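A.B. asks: Need a 3D model of the sequence below.
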Amino acid sequence: MSTLLVVLAALFWGLSGGIGAILLADGWDTFVLAVYRGGIGLLLVCVWLALRPARAGLGNYRLWLWSAVAGIGVAGNFSFYFISIREGSVAVAATLMYCAPVFVYLASFLLGLERATRAKAVAVVVVVLGIVLLTGVYNVDAQAITPTGVGAGLIAGLAYAVFIFGFKYAARHGSPQAVLAIAFATLVALLIAFAGVGSVMAAMNSAVWPLFLALGLLGGGLSFICYVIGLKYTAPAVASLVAMVEPVTASLFGVLVLSDNLAAVQFVGMALILVTVTSLGVSSGAR
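C.D. replies: From the prediction side, this is the model:
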C-alpha cells in the first residue's frame, strides 16, 4: 500500500505539471505558481492535522528542524522546476529534475541507508532511459536549452532529494501531517517575498483561478498527503524511483488535454518506466 500511495501521488504531480505549464505559457510568474502550490497544500494538511492531532510531536525541536529542511527542499523543487520549464521546455525540465534518484542513491549509500547492488544500478539506468524516450528530450532543439534551464532542472532534482531526506528524519519525531504543515509553512514564508503579495492576490482574482486551485490541490495537497504516508514506510531511493511514473501522467495529460501525439518510441519509454517501477514495488514489498 505504501508503494501504491507514492504512485498515486506521482499521478497527481503529473497532472499538476501540465497545469503549471499552461499557467506559465499564460505569463504567470514561477514563484506565484510555487506559492499557490504550497499554500493550498498547507491549508489541506492543516485540516488533516486538526482532524488527527494525536502524536503530532510539535513539542520536539528535531521535528521542527528536519521539517524546515524538508520545506526548504520542496520550495527549491517547486521554484526551480517551474524556472526550468520557463527557460527551456517541459521535456528538458522533467528529465533534469529526475536526476533526483542519483542524488538520493549517493546520499543513501554515504549515510548507510541503502546497500549498493547491481539490480538497483540497472533499475536506475532503465528508468532514466525510459524517461528520455518518453519525454523525447533527444529531439529537442539544442538552441532551446539554456544554461539557466539546465541548471534550474538539476537544482530542482537536488532539492527533491533534500525534501525526501528531510521528511524521512522528521517523520521519526512526529506525525506526517505535522511534518507537512511545517514544511509548507516554511515554503510559503520563503517564497512569498519573491512572488509578491500583489501578484498572489492578482492570481486569486483572475479568470484562471480554478487552475491555481487545481494546481494546489493536486500538486501540493492531495499528492503530498499520499506521498508522505507512503514515504514513511518506503526507503528513500525506492520512493524516488516509484515516483517517476509522473512523466507517464504528464504525457497522457498532453495527449488527452493538449492534443499532443505520442510516438512509438515514447510508448516504449512508458513501458520501461511502468515495468521497472512495478518490479521495484513487488521486490520491496516482498522484503
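A.B. asks: can you give me how far the helix or strand Ala10 falls within is from the chain middle?
C.D. replies: Assigned by DSSP states H and E, Ala10 belongs to helix 2-25. Distance, stretch centre to chain centre, for helix 2-25: 8 Å (C-alpha atoms, centre = their mean, to the nearest Å).
A.B. asks: the longest helix in this structure is where?
C.D. replies: Counting residues, the longest helix found in the chain (DSSP state H) is helix 61-87.
A.B. asks: who does that one touch, helix- and strand-wise?
C.D. replies: helix 2-25, helix 30-51, helix 90-97, helix 147-170, helix 176-195 (3 or more C-beta pairs under 8 Å, 6 or more residues apart in numbering; DSSP states H and E). From N, CA and C alone the C-beta is placed, and that goes for glycine too.
A.B. asks: give me every residue that touches the closest residue to Leu5 other than its chain neighbours.
C.D. replies: Of all residues not flanking Leu5 in the chain, Gly230 sits nearest, at 3.4 Å (C-beta to C-beta, 6 or more residues apart in numbering). Shown in contact with Gly230 (C-beta atoms under 8 Å, 6 or more residues apart in numbering): Met1, Ser2, Thr3, Leu4, Leu5, Val6, Ala9, Ala239.
A.B. asks: again, but for Phe167
C.D. replies: By C-beta under 8 Å, 6+ apart, the neighbours of Phe167 are Trp66, Ser67, Ala70, Val179, Ala183, Val228, Leu231.
A.B. asks: now the first one: how far from Val47?
C.D. replies: The reference is to Trp66. 23 Å (C-beta to C-beta, to the nearest Å).
A.B. asks: So between those two, which is more surrounded?
C.D. replies: Neighbours of Trp66 and Val47, each counted by other C-beta atoms under 10 Å, are more numerous for Trp66; the result is 24 against 13.
A.B. asks: That one contacts Gly174, doesn't it?
C.D. replies: No. Look at Trp66 against Gly174 with C-beta atoms under 8 Å: they stay out of range, at 9.3 Å.
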